[in-house]
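In: Please find the sequence and the predicted model below.
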Amino acid sequence: MLACAGLLAFVELGTGGWSKAAPAVRVVHITEHDFHISAPRRIAPGRVRFQVTNNGPDLHELIVVRDPSGAPLPMRADGLTVDEDALDPETMGSLEPGAPGSVRGLTLRLRPGRYEIFCNMAGHYMGGMHAVVLVG
Amino acid sequence: MRAPAFSPYAARGRRPIVAILLTFALCSTASIGLSIWQTARSQHRADVLRVAERQQTLASEYVQQVMLAHEGVRADPELTATILRLSTDALLDGGDAPAVPGNDDDARLSPTTDPTVRAQLHQERRLVDDMTETGAAYLAGRPVTSVPLSAHEHLTTTDPLTRLRVLAMLTADVALNTSRTIVAESDSNIANLIVMQAVLGVVGLLVSLTLALALIAATRRQTAHFRSIVDSSTDLVIVLGDGGCRHVSRSVTAMLGVSEDAVLGDGIVRFLHPDDRSLVRSAQNSGRAEEIVFKLVNQHGEWRTLEAHVTDLRHDRGIRGVVLNARDVTERVRLQDELVRQAYHDGLTGLANRSLFRDRLEQALARSARGGGSVGVLMLDLDGFKQVNDTLGHDAGDQLLRVVAERLNETVRATDTVARFGGDEFAVLIDDTGVDGEAVAQRILDAFAGPMSAHHLLVHASIGIATADAGGALDHLLRDADVAMYAAKQRGKANWVRYHGSMELPVVGHARLGGELRRALDA
């Protein structure tokens, strides 16, 4: 219920607030499920809205980082989870863990480059929840 | 259809009271039932939550035990794997979740119905299977990459321990999130319960309030009806108790012409006739059922006579007093007095009539018999009255009789009785032995000497005097006076004669004849 309300508020802000002044926001559909992320391989630069659907059954978050090198992401001491602190300067945005069945939006302005999107809940990254999105 | 009979007592109140009690009973039962049900559910949910959270720890322990066993240290990862599997099954489909040795007890669980939780538990079961299969392969020295993964994991690493740790981490994560979902569901259930309890309470309160208001309105209506009946009654109700007058009906204040406050308490004493105060006080003190008659004065100074029935309701909690149910009998008493007066007085002159005269004479003779002394009677007949009637008419005759009555009253003392026996025949009772009958007779004759009435008539009287000593008979005395009066008439006009024994026989016959003739003429 709260999530729905939050989502509605977000959608209103996203469409009503910017539709006049700013150029149109492109919507990119991203689907998460245990333990995989489906996203388009390549998208155009500029304002983009990631519409993230969690198909469950577990909860999932979404973190977007710029990663031009293509090298493996830095890991924490446990060797199993991504070190988000080390990636902080390159982090474009993130969504907190969302319940199964939820649909959430994340609006970003993306320059051309290579981006990695992933879920960093315990074991999810190593379990396969990561994808590369090329912009431009 | 016939209108329902009016009942002044609150019989109609029973139904709303029963309805109010039923509403309260229903709402309370529903509320208590809900609480008991929810408490039982909470108890069960606590077990579910404990088992669900336990899975997280057990997954980590499993990895440690596999590692220890691999190092040759004595450990039992298979037992942990079994507990993990059985617990997941129990959470999903109900049944016993086994105890963790040295940690907690087993728990009997019901099947999970929530679809989100079920989906997460299914995933948890798949992950447990993947993890324990991998652990077993690792311990058996088989290649872990050949273990089929059923939970859609995409493990890229080939290192067995890393694979095992990732699978344990995923198992723990799903177990943790399952617990969170259960808690969230439980929270929403509790919120729903609170809303339901609140709705029940409000509904119960509103229904009860409505019924109570209806009851109050009905009672008020009934009281109003009853009050109207009491207030419109002409009966006068006075309640006397501790502290004086406790209540008076509207009819009492209307009769007295004062406000209720003026009568309540000791105020009523002011309106009571002084002679009646002790009577009313004794009725108030005794409460004896009786009829009492007393007088109250109204604001115009008019005395009203009340006849009241006394009822003792001092034991009645609603009354706590002696009730006087009274009627205003002033008019009736006045009428009675008037009838009595008419019965004993002459309508034309207002003098006593023959009955009253005989009554007074009887009393006087009785007194004389007790205390000695004598009683005198003067019998008086007007001379030539018939001519007045015949020549001037009956009105003039009546007027003349009234003047004669006045003169007689003026001549005798107040204690003497003057009576008109009818026609032009009068009598005077001299109730005192010391008074000289002849002197009175002479005074009467003197009083008649002047002209009477507007017609300047001269009227004279013939007077017979008789006196009885102690023990004298009434009829004898009257007859003697009559005889003497006729003797006086025979002797000439404006005369008096005292009776003496020798005049009795020859005159009696004449007197009787004269008396009868006169009565015939008067009729």
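Out: It's in. What you see is a predicted model; the values in this text were computed from it and never measured.
In: so where is the chain shaky, pLDDT-wise?
Out: Picking chain A for this. Chain A contains residues with pLDDT under 70 at A:1-23.
In: um, chain B though
Out: B:1-13, B:433, B:453-455, B:470-471, B:504-523.
In: any idea how far the spatially most distant residue from the centre of it lies from chain A?
Out: Computed with CA atoms, centre = their mean, the residue of chain B farthest from its C-alpha average is residue B:141, at 101.0 Å. As defined by CB to the nearest CB, to the nearest Å, residue B:141 lies at a distance of 23 Å from chain A. Backbone N, C-alpha and C define where each C-beta goes, glycine included.
In: isn't there a helix covering residue B:294?
Out: No. When classified by DSSP: H, G, I helix; E, B strand; the rest coil, residue B:294 is found to be strand rather than part of a helix.
In: Grab the nearest non-local neighbour of it.
Out: residue B:276 (3.6 Å; CB to CB, 6 or more residues apart in numbering or on different chains).
In: So what does that neighbour have for phi and psi?
Out: Dihedral pair for residue B:276: phi -100, psi -10, per degrees, to the nearest 10.
In: thought it was touching residue B:304?
Out: No. Using CB atoms under 8 Å, residue B:276 makes no contact with residue B:304, being 11.5 Å away.
In: Who are the packing partners of whichever helix or strand residue B:340 is part of?
Out: Using DSSP states H and E, residue B:340 sits within helix B:330-344. Contacts defined by 3 or more CB pairs under 8 Å, 6 or more residues apart in numbering or on different chains; DSSP states H and E place helix B:330-344 against strand B:303-313, helix B:354-371.
In: and the angle from the next helix or strand after the shortest one to strand B:303-313?
Out: Going back to what we said before, that points to strand B:303-313. Sequence order places strand B:321-328 as the next helix or strand after strand B:303-313, per DSSP H and E. Counting by axes from the mean of the first three to the mean of the last three CA atoms, to 10 degrees, strand B:321-328 lies at 150 degrees to strand B:303-313.
In: List the strands paired with strand B:321-328, with their directions.
Out: Applying DSSP bridges, strand B:321-328 is found paired with strand B:236-241 (antiparallel), strand B:303-313 (antiparallel).
In: tell me the most buried of those strands?
Out: strand B:236-241 (a mean of 20; mean count of other CB atoms under 10 Å in any protein chain shown).
In: outside of that one, which residues touch it?
Out: If you take CB atoms under 8 Å, 6 or more residues apart in numbering or on different chains as the criterion, strand B:236-241 is touched by B:230, B:245-249, B:251-252, B:255, B:268, B:280, B:283-284, B:306, B:308, B:313-314, B:319-328.
In: what helix or strand does residue A:96 sit in?
Out: In the assignment (DSSP H and E), residue A:96 maps to strand A:91-98.
In: Would you state the strands of chain A in chain order?
Out: A:26-33, A:36-38, A:42-43, A:46-54, A:60-66, A:91-98, A:103-110, A:113-118, A:130-135 (DSSP state E).
In: tilt between the helix or strand containing residue B:465 and helix B:354-371?
Out: Under DSSP H and E, the secondary-structure element containing residue B:465 is strand B:460-468. Interaxial angle, strand B:460-468 versus helix B:354-371 (the same axes, to 10 degrees): 40 degrees.
In: Tell me which residues of strand B:460-468 come out buried.
Out: By neighbour count on 16 or more other CB atoms under 10 Å in any protein chain shown, the buried set for strand B:460-468 is B:460-468.
In: So which elements touch it?
Out: Packing partners of strand B:460-468 (3+ CB pairs under 8 Å, 6+ apart): strand B:375-383, helix B:437-447, helix B:474-491, strand B:495-498.
In: Please repeat the previous calculation with a cut-off of 10 Å.
Out: helix B:354-371, strand B:375-383, helix B:394-411, strand B:425-430, helix B:437-447, helix B:474-491, strand B:495-498 (3 or more CB pairs under 10 Å, 6 or more residues apart in numbering or on different chains; DSSP states H and E).
In: How far off centre is that strand?
Out: Mean C-alpha position of strand B:460-468 versus that of the full chain (CA atoms, centre = their mean, to the nearest Å) differs by 69 Å.
In: Now do it and strand B:425-430, the angle between them.
Out: Between strand B:460-468 and strand B:425-430, the angle formed by their directions is 40 degrees, by the same axes, to 10 degrees.
In: Once you drop chain neighbours, what's closest to residue B:112?
Out: Nearest non-adjacent residue to residue B:112, counting by CB to CB, 6+ apart: residue B:118, 5.5 Å away.
In: hmm, back to that, got any residues that touch both of residue B:276 and residue B:304?
Out: Listed as contacting both residue B:276 and residue B:304 by CB atoms under 10 Å, 6 or more residues apart in numbering or on different chains are B:294-296.
In: Alongside chain B, which residues does chain A contribute?
Out: With the criterion set to CB under 10 Å from any CB of the partner chain, chain A comes near chain B through A:1, A:33-36, A:56-60, A:78-81, A:97, A:99-101, A:121-130.
In: buried subset of those residues?
Out: Buried subset of the residues of chain A next to chain B (neighbour count, 16+ other CB under 10 Å): A:33-36, A:56-60, A:80-81, A:97, A:99-100, A:121-130.
In: related to what we said a few turns ago, of the strands of chain A, which stretch is the most buried?
Out: Highest mean neighbour count of the strands of chain A: strand A:60-66, a mean of 21 (counted as mean count of other CB under 10 Å).
In: Next, the closest residue to chain A within chain B: secondary structure please.
Out: When scored by CB to the nearest CB, chain B has residue B:154 as its residue closest to chain A, at 2.8 Å. Of the three states, residue B:154 takes coil under three-state DSSP.
In: Give me the phi and psi for it.
Out: Residue torsions, per degrees, to the nearest 10, at residue B:154 are phi -120, psi 80.
In: what does the one 4 residues further on give?
Out: Its backbone dihedrals place residue B:158 at phi -100, psi -10, with angles given as degrees, to the nearest 10.
In: list the contacts for it?
Out: Neighbouring residues of residue B:158 by CB under 10 Å, 6+ apart: B:143-145.
In: One more: residue B:208?
Out: So residue B:208 contacts B:16, B:19-24, B:27 (CB under 10 Å, 6+ apart).
In: Of the residues you listed, select the buried ones using a PyMOL command.
Out: In PyMOL, a selection of the buried entries from the contacts of residue B:208 looks like this (16+ other CB under 10 Å):
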select buried, chain B and resi 16+19+20+23+27
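In: and the gap between the closest residue to residue A:91 other than its chain neighbours and residue A:73?
Out: Distances taken as CB to CB, 6+ apart put residue A:65 closest to residue A:91, at 5.2 Å, once the chain neighbours are dropped. From residue A:65 across to residue A:73, the span is 7 Å (CB to CB, to the nearest Å).
In: Mutual contacts of those two, please.
Out: Residues touching both residue A:65 and residue A:73 by CB under 10 Å, 6+ apart: A:82, A:84, A:87, A:90, A:116, A:118.
In: Pretty sure residue B:426 is one of the things residue B:459 touches, is it not?
Out: No. Contact criterion CB atoms under 10 Å: residue B:459 and residue B:426 do not qualify, at 11.8 Å.
In: More neighbours: those two, which one.
Out: Counted by other CB atoms under 10 Å in any protein chain shown, residue B:459 and residue B:426 do not tie: residue B:426 has more neighbours, with 26 against 23.
In: you'd agree that one is up against residue B:378?
Out: Yes. Counting by CB under 10 Å, residue B:378 is a contact partner of residue B:426 at 8.3 Å.
In: what touches both of these two?
Out: B:408, B:418, B:444, B:461, B:463.
In: Now flag whichever of those is closest to residue B:150.
Out: Distance to residue B:150, by CB to CB, is smallest for residue B:418 among the shared contacts of residue B:426 and residue B:378, at 143.4 Å.
In: Good, we can wrap up now.
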